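Engineer: Give the three-dimensional model of this entry:
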Amino acid sequence: MTEPFPDPGINESVAEQALMEWLGRDGVGYQTLSGGEIAPGSPKAERDSYRDVVLMGRLKAAIENLNPRVPPIARDEALRKVLRTESPSLLVNNSRFHDLLVDGIDVEVMTPEGIRGEKVWLIDFERPDNNNWLAVNQFTVHDRDHRRPDVVIFVNGLPLGLIELKNPADEDTDIWSAFNQIQTYKQQISPIFTFNEVCVVSDGVDARIGSLTSPREWFLPWRTIDGSELAPDSANRLEVLATGVFDKSRFLDLIRYFTVFQDQDGIRKVLAGYHQFHATRKALATTIRASLPGGDRRAGVVWHTQGSGKSLTMAFYSGKLITAPELENPTIVVLTDRNDLDDQLFGVFAASRDLLRQDPVQASDRTDLRSHLQVAAGGVVFTTIQKFLPEEKGDRFPLLSERRNIIVIADEAHRTQYGFVTGFARHMRDALPNATFVAFTGTPVELDDRDTRAVFGDYIDIYDIQQAVADEATVPIYYENRQVKIDLKEEEKPRVDEEFEDVVEGEEDRRTEGLKRKWAQLEAVVGSERRLALIAKDIVEHFETRLSALEGKAMIVCMSRRICV
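Structural biologist: Here you go, the predicted model:
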């Protein structure tokens with residue numbers, strides 16, 4: 001790893017040249033050219049006009065090389081589909097191209113037996129070196145205006161990456177000047193973004209990556225090269241990003257499995273962060289090992305702090321599981337502990353349907369759950385852990401499937417109040433004796449929590465609050481211990497007992513009513529009028545004091561809706 005750019009003499013062109021050298025060196029292995037070398041009218045021109053953003057010679061050669069069984073007339077039809085613009089919306093066109101890139105282009109081929117369907121592929125995802133890799137600096141494009149992005153990454157002639165650099169020695173510019181420049185490019189040279197998969201901004205020292213629709217706060221750093229360790233603070237962040245992201249195999253993986261168009265209050269293109277990318281790859285490897293004959297069926301625990309995109313990481317992971325040939329079209333069971341969390345997580349998965357290549361389903365009750373799990377293969381099933389309780393207390397849960405390619409993903413199931421490890425896990429093992437278990441959590445598993453490790457295994461990946469704050473993926477959290485003690489009369493104390501650990505939202509058996517009564521007793525004590533008056537007074541005074549010095553928002557989390565109100 002080289003040192004950050006030295007002073008003096010650092011400027012944008014120095015950073016650009018260094019980037020081109022990093023992309024061209026052994027281990028990354030791109031061909032590197034200047035825009036002038038392949039410009040229209042030059043001896044080695046690769047496009048007819050500055051309006052052309054695709055290098056047609058390279059794309060045609062790749063299509064022919066990757067699809068030898070497809071007749072030329074069908075390959076030409078596939079090329080026309082790629083270049084065709086079908087919407088005035090840049091995002092719609094970009095989404096359509098992404099689908100063609102990742103899923104292949106459907107064409108019809110005439111044979112003596114009749115018409116058959118074929119796929120035409122633009123990229124060989126399985127063999128990265130079977131593609132044409134090129135980095136071009138100062139690539140001039142003319143559309144509504146003349147613009148010259150600093151570096152464009154071409155794969156098989158398609159401009160999949162765009163990198164904008166700013167001079168770190170200029171006090172009037174910073175990395176966000178590069179971000180603003182890309183927003184200008186989207187308006188003035190929009191055709192190049194039809195094919196874009198990643199955008200990178202850098203001031204030569206800091207470097208961040210985002211998608212076509214990423215707002216400023218979601219352009220995030222990439223702090224590792226191969227995921228084994230974080231790069232030291234002394235390393236140049238642009239070099240780490242360039243070699244970490246644009247490694248041929250990792251770049252294709254990022255495009256294929258870690259890019260999703262989500263439709264939640266409007267379509268947005270979401271790109272995985274480095275912690276999501278590498279955690280998913282690690283979790284896939286441990287899951288495959290755990291699920292094979294002789295495996296211990298414990299894939300491990302992913303601890304990614306709250307607010308760092310854990311739900312989306314679970315969706316990326318599920319997408320990788322579904323396409324892993326070793327798992328032979330697995331069934332994925334996603335476990336939550338409460339109906340509201342089930343709905344919330346299901347919403348993330350449903351919005352990420354393209355990753356899953358199927359629609360997830362929610363089990364409505366035990367009978368519905370059993371029907372979803374008694375299939376030969378496939379499926380993404382959401383359920384609360386309570387549905388794995390037997391009908392009668394003390395009974396065993398019935399066997400549902402002995403398949404090894406069932407993966408149970410538990411969300412926060414280590415938390416002791418859910419009784420998962422000591423209770424539900426046993427019932428799930430009765431139902432799915434050969435399933436592999438993996439846990440995702442936003443809070444750490446205690447070192448002495450042997451039960452959780454017995455079910456799930458050890459940590460796969462850790463992304464804690466300290467690292468998330470350093471990456472600006474979340475804001476810092478500060479804690480103050482402010483207590484309002486519960487004032488219990490002596491005769492009331494025995495009524496609050498350990499059975500409250502069994503109180504779980506969404507409980508479905510005949511014990512529900514008894515648990516509700518116990519919950520109501522505790523809720524009444526915690527939410528007594530006198531205690532709430534003290535808490536409300538403290539909240540108002542504390543918040544107003546903070547607002548006098550610092551703007552912000554507040555969130556109040558309580559035991560029940562009644563107490564919140």
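
Engineer: switch to C-alpha atoms for all contacts and neighbour counts from now on
Structural biologist: Will do.

Engineer: Pull up the gap between A351 and T336, please.
Structural biologist: With distances taken as Cα to Cα, to the nearest Å, A351 is found 18 Å from T336.

Engineer: Looking at these two, which one has more neighbours?
Structural biologist: Counting neighbours by other Cα atoms under 10 Å for A351 and for T336 shows that T336 has the greater number, 23 against 20.

Engineer: Could you double-check that the more buried one sits in contact with T384?
Structural biologist: Yes - the pair T336 and T384 passes the contact test of Cα atoms under 8 Å, sitting 4.8 Å apart.

Engineer: For K81, pull up the helix or strand it's in.
Structural biologist: Secondary structure assigned from DSSP states H and E places K81 in helix 72-83.

Engineer: average pLDDT across that helix?
Structural biologist: Per-residue confidence for helix 72-83 averages out to 96 on the pLDDT scale.

Engineer: by contact count, what packs against it?
Structural biologist: helix 56-66, strand 105-111 (3 or more Cα pairs under 8 Å, 6 or more residues apart in numbering; DSSP states H and E).

Engineer: Now the longest one: buried residues?
Structural biologist: Judged by neighbour count using 16 or more other Cα atoms under 10 Å, the buried positions of helix 56-66 are 56, 58-60, 62-64, 66.

Engineer: buried sites along stretch 519-527?
Structural biologist: Buried residues in stretch 519-527, counting neighbours by 16+ other Cα under 10 Å, are found at 519, 522, 526-527.

Engineer: Export only the CA atoms of that stretch, formatted as CSV.
Structural biologist: Coordinates of the C-alpha atoms in stretch 519-527 are reproduced here as CSV (Å, rounded to 0.1, in the frame of the first residue of the first chain):
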residue,chain,number,x,y,z
TRP,A,519,-48.1,-7.8,31.2
ALA,A,520,-50.9,-5.5,32.1
GLN,A,521,-49.9,-5.7,35.8
LEU,A,522,-46.3,-4.7,35.1
GLU,A,523,-47.3,-2.1,32.5
ALA,A,524,-49.6,-0.5,35.1
VAL,A,525,-46.8,-0.3,37.6
VAL,A,526,-44.2,1.1,35.1
GLY,A,527,-46.8,3.5,33.7
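
Engineer: Off-centre distance for that stretch?
Structural biologist: How far stretch 519-527 lies from its chain's middle: 39 Å, per Cα atoms, centre = their mean, to the nearest Å.

Engineer: Most widely separated two among the buried residues of helix 56-66?
Structural biologist: Based on Cα to Cα, the longest span within the buried residues of helix 56-66 runs between M56 and L66 and measures 15.3 Å.

Engineer: Provide the contact partners of stretch 24-43 at residue level.
Structural biologist: 20, 22-23, 44-50, 133-140, 243, 246-248 (Cα atoms under 8 Å, 6 or more residues apart in numbering).

Engineer: got the buried residues of stretch 519-527 as a markdown table, with distance to Q276, secondary structure and pLDDT columns?
Structural biologist: As requested, those are arranged in a markdown table below (distance: Cα to Cα, whole Å; DSSP: H, G, I helix; E, B strand; the rest coil; pLDDT from 0 to 100):
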| residue | distance to Q276 | secondary structure | pLDDT |
| --- | --- | --- | --- |
| W519 | 38 | helix | 72 |
| L522 | 39 | helix | 80 |
| V526 | 39 | helix | 85 |
| G527 | 40 | coil | 85 |
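
Engineer: related to what we said a few turns ago, just the buried subset of the contacts of stretch 24-43, please.
Structural biologist: Using 16+ other Cα under 10 Å, the buried members of those are 20, 22-23, 46-47, 133-140, 243, 246-248.

Engineer: Going by residue numbers, what spans are strands in the stretch 351-500 of the chain?
Structural biologist: When assigned using DSSP state E, counting those that start in this stretch, the strands of the stretch 351-500 of the chain occupy the ranges 361-362, 380-384, 406-411, 436-441, 459-463.
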